[in-house]
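*Asks:* Take this sequence and fold it.
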Amino acid sequence: MKKILVSTALLAGVLSYAGGFRVSLQGVKQLAMAHTSAHTEDASVAFFNPAGMSFIPSRLSIVAGGFGASNKVTFQNLNTLQSTETDNPVGTPIYAAIAYRPIENLSVGFSFSTPFGSTIQYPYDWEGRELVQKLELKSFYFQPMVSVKMAPWLAFGASYIYAAGKVNWDKAVTQFGGTVNLNSEDASGQGYGFGFYFKPDDKFEASVAYRSPVDMKAEDATATFKFPSQSAYGLLGLGADGVDKFNATLPLVEEYTIGMTYKVTPKWLLSADFNYHGWERYSKLTLDFAKAPAGNQTDPTISVSPKNFRNAKTFRLGTQYALTDKIFGRLGAYYDESPYTDENFIPETPSFNTFVLTGGLGLKLNKFGVDVAGGYTFPQSRNVNNKNLGFYGQAKAQAFYLGLGVSYNAF
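*Replies:* Just a heads-up that it's a prediction; the model follows:
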C-alpha cells in the first residue's frame, strides 16, 4: 500500500489560509487612513489598543461596520503558458465594539472582529487541484477588555481573546480519481492583548499595543474522501463513507503595533503606524489523522509539513482633513510585506508584497457618525519556485475593499 496517498504538503494547507492572510479591516475610519490605530474618537479604538478607551470623549460609545472585499489571483505556468484565474466570492469582514466608562479612571469594553478569513476558489480541474480547489475560512475574535487611566495623559489596557473558527477545504486526489473535503466547524483558541496609550495634549497621541499569538486547535475534525472505486477506501483503512478524523493546531501569530497621530492644524491631522508580525512562529504544520496513512513520519498517520514563514512588517501613513464641522476627508497608503519567499509560495495562502491606497469620508451628526472607506491594492507579482510542492510559475493578484461604518457616542 502506498503511504502517501495525498501529499503532506498539500494537506498542510487545511488551516493555513489564516496564517498567510491577515485581514486588516477592523475599522472603516481607520481603513480610510491606511488602517492606522491612534484614533480615540469612538469605540473603534478598542480592537487596536484597549488602553485607548480611556480617552474616548464619550462615557458610552458604540460602533459597528462591515466591508466588501473582492480579490482575484492569477497563476500562469511559464512552460505551458496555461493561465488560471480564481473565482472568489466577495468577502464580508465585520466588526463591532462598545466602550463604557463607569467611573472617571476606569473603562470597560468589548470588541468583536474577523481578523482572519476569506474564500479562495480555483477551477476544480486546474493544474494545482491536488493542492487546493476551494478553501473557505471564517474566524471570529471575541475580546472583553478593561482600561485604567494612570495619569491624565497615560492609560493602560488589557484584553482577553477567545477565537472561534471554521474551515472547509476541497482538493483532488488524482491518484484514485477522487476528492477529499477537510472540515472543522469548531476550531478555537485563546490569547490576550495589552497596550499603553499616551495623550499629553490635544495635538499629539500615541499607541503602543501587543496582541498575543492564538493557537487555533481543530480537534476531531472531519476528512471525507470520495472515490469512484470502493477499493480505494479499503486501502486507506476507511469505511464505505470515506470519513476519517484528524487533529491540527494552527498558530495565529503575534502582532506588535506602534501608532501616532499629530494634529498639524485644528483641521488637519497626520497618522502613522508600524506593525510587526511574528510569522516566523509558523514554521511547520502537523496533522494527526485517525486512520488514513497520509503522513511522512514513523507513524504514517502523522504529517509534518514545513511552512517556512518569516516575520513581516507593515508601514502605514494616513491623513484627515475637516472639510466642514461635520464632514471629514481621509486618505492613506501602506506597504504590507508577504510572510514568505517565492520558494515557499503556496496557492492555499496566496500572499504578495503589496502597496495599498485608501480613502474615505466621515459625517458627524451630533452623537451619530457615518463613515465610508475604500482601498485598492497593488500587489507585486511573484515568480513561484516551490520545490517542496513541485509548484512553479508566476502569480499575480488584485483586490479592492469598500466599507461602511456607524458610530454612536451616547453621553
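*Asks:* Does residue 140 touch residue 164 like I think?
*Replies:* Yes: judged on Cβ atoms under 8 Å, residue 140 makes contact with residue 164 at a distance of 4.9 Å. All C-beta atoms are positioned from the backbone trio N, CA, C, and that covers glycine.
*Asks:* Residue 30 - that's part of a strand, no?
*Replies:* No: using DSSP: H, G, I helix; E, B strand; the rest coil, the assignment for residue 30 is helix, not a strand.
*Asks:* Please name the residues that touch it.
*Replies:* 36-37, 39, 44, 48 (Cβ atoms under 8 Å, 6 or more residues apart in numbering).
*Asks:* Export the residues you listed to JSON lines and append columns for pLDDT, distance to residue 368 and neighbour count.
*Replies:* As requested, the contacts of residue 30 are exported to JSON lines (pLDDT from 0 to 100; distance: Cβ to Cβ, whole Å; neighbours: other Cβ atoms under 10 Å):
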{"residue": "36", "pLDDT": "97", "distance to residue 368": "23", "neighbour count": "30"}
{"residue": "37", "pLDDT": "96", "distance to residue 368": "23", "neighbour count": "30"}
{"residue": "39", "pLDDT": "96", "distance to residue 368": "17", "neighbour count": "23"}
{"residue": "44", "pLDDT": "96", "distance to residue 368": "14", "neighbour count": "31"}
{"residue": "48", "pLDDT": "97", "distance to residue 368": "22", "neighbour count": "28"}
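*Asks:* And the furthest pair within the residues you listed?
*Replies:* 36 and 44 (11.5 Å; Cβ to Cβ).
*Asks:* What are the boundaries of the strands in the stretch 251-400 of the chain?
*Replies:* For the stretch 251-400 of the chain, the strands defined by DSSP state E, counting those that start in this stretch cover 255-263, 268-277, 284-289, 302-306, 312-322, 327-336, 354-365, 368-379, 382-386, 391-409.
*Asks:* which stretches of the stretch 151-300 of the chain have low pLDDT?
*Replies:* 294 (pLDDT under 70).
*Asks:* Now with 80, please.
*Replies:* Scanning the stretch 151-300 of the chain for pLDDT under 80 picks out the ranges 175, 250, 285, 287, 293-296.
*Asks:* Counting only strands, which of the contacts of residue 30 make the cut?
*Replies:* Using DSSP state E, no member of the contacts of residue 30 falls in strands.
*Asks:* In CSV: these, plus distance to residue 285.
*Replies:* Putting these into CSV (distance: Cβ to Cβ, whole Å) gives the following:
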residue, distance to residue 285
36, 32
37, 30
39, 36
44, 33
48, 29
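*Asks:* Show me which of these is closest to residue 206.
*Replies:* Nearest to residue 206 among these, with distances taken as Cβ to Cβ, is residue 37, at 10.0 Å.
*Asks:* For residue 50, see how far away that closest one is.
*Replies:* 12 Å (Cβ to Cβ, to the nearest Å).
*Asks:* now the strands of the stretch 251-400 of the chain as CSV including mean neighbour count and distance to residue 174?
*Replies:* CSV is the format used below for those (neighbours: other Cβ atoms under 10 Å; distance: least, Cβ to Cβ, whole Å):
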stretch, mean neighbour count, distance to residue 174
strand 255-263, 19, 38
strand 268-277, 19, 35
strand 284-289, 19, 19
strand 302-306, 19, 18
strand 312-322, 19, 34
strand 327-336, 20, 35
strand 354-365, 18, 33
strand 368-379, 19, 30
strand 382-386, 18, 18
strand 391-409, 19, 15
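*Asks:* residues contacting the nearest residue to residue 38 once chain neighbours are set aside?
*Replies:* Sequence neighbours aside, residue 259 is the residue nearest to residue 38 in space, at 3.8 Å (criterion: Cβ to Cβ, 6 or more residues apart in numbering). Residue 259 sits next to 36-38, 48-49, 206-209, 271-274 when contact means Cβ under 8 Å, 6+ apart.
*Asks:* List the neighbouring strands of the strand or helix carrying residue 181 plus their orientation.
*Replies:* Applying DSSP states H and E as the criterion places residue 181 in strand 178-198. Using DSSP bridges, the strands paired with strand 178-198 are strand 154-173 (antiparallel), strand 204-211 (antiparallel), strand 214-226 (antiparallel).
*Asks:* Check the gap between residue 271 and residue 333 for me.
*Replies:* Counting by Cβ to Cβ - residue 271 and residue 333 are separated by 12 Å.
*Asks:* again with residue 75
*Replies:* 27 Å.
*Asks:* Then residue 126?
*Replies:* From residue 126 to residue 333 the distance is 34 Å (Cβ to Cβ).
*Asks:* And for residue 130?
*Replies:* Distance from residue 130 to residue 333, by Cβ to Cβ: 38 Å.
*Asks:* Name the nearest residue to residue 78, sequence neighbours excluded.
*Replies:* Residue 78 sits nearest to residue 393 (Cβ to Cβ, 6+ apart), 5.4 Å away.
*Asks:* do the same with residue 275
*Replies:* residue 314 (4.0 Å).
*Asks:* In contact with that neighbour: list those residues for me.
*Replies:* Applying Cβ under 8 Å, 6+ apart, the residues near residue 314 are 24, 273-275, 277, 334-337.
*Asks:* run the last query once more with 7 Å
*Replies:* 275, 334-337 (Cβ atoms under 7 Å, 6 or more residues apart in numbering).
*Asks:* Dump these into JSON lines; add distance to residue 230 as well.
*Replies:* Formatted as JSON lines, the contacts of residue 314 follow (distance: Cβ to Cβ, whole Å):
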{"residue": "275", "distance to residue 230": "52"}
{"residue": "334", "distance to residue 230": "54"}
{"residue": "335", "distance to residue 230": "53"}
{"residue": "336", "distance to residue 230": "48"}
{"residue": "337", "distance to residue 230": "48"}
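*Asks:* Closest one of those residues to residue 356?
*Replies:* residue 334 (5.3 Å).
*Asks:* Next one: that closest one from residue 150, what distance?
*Replies:* In terms of Cβ to Cβ, residue 334 sits 31 Å off from residue 150.
*Asks:* Then residue 231?
*Replies:* Counting by Cβ to Cβ, the gap from residue 231 to residue 150 is 69 Å.
*Asks:* Among the two, which residue is more densely surrounded?
*Replies:* Between residue 231 and residue 150, counted using other Cβ atoms under 10 Å, residue 150 has the larger neighbour count: 13 against 8.
*Asks:* one step back: out of the contacts of residue 30, which are inside helices?
*Replies:* Counting by DSSP state H, the contacts of residue 30 place residue 48 in helices.
*Asks:* from the contacts of residue 30, which is closest to residue 363?
*Replies:* For the contacts of residue 30, the nearest to residue 363 is residue 44 (15.1 Å; Cβ to Cβ).
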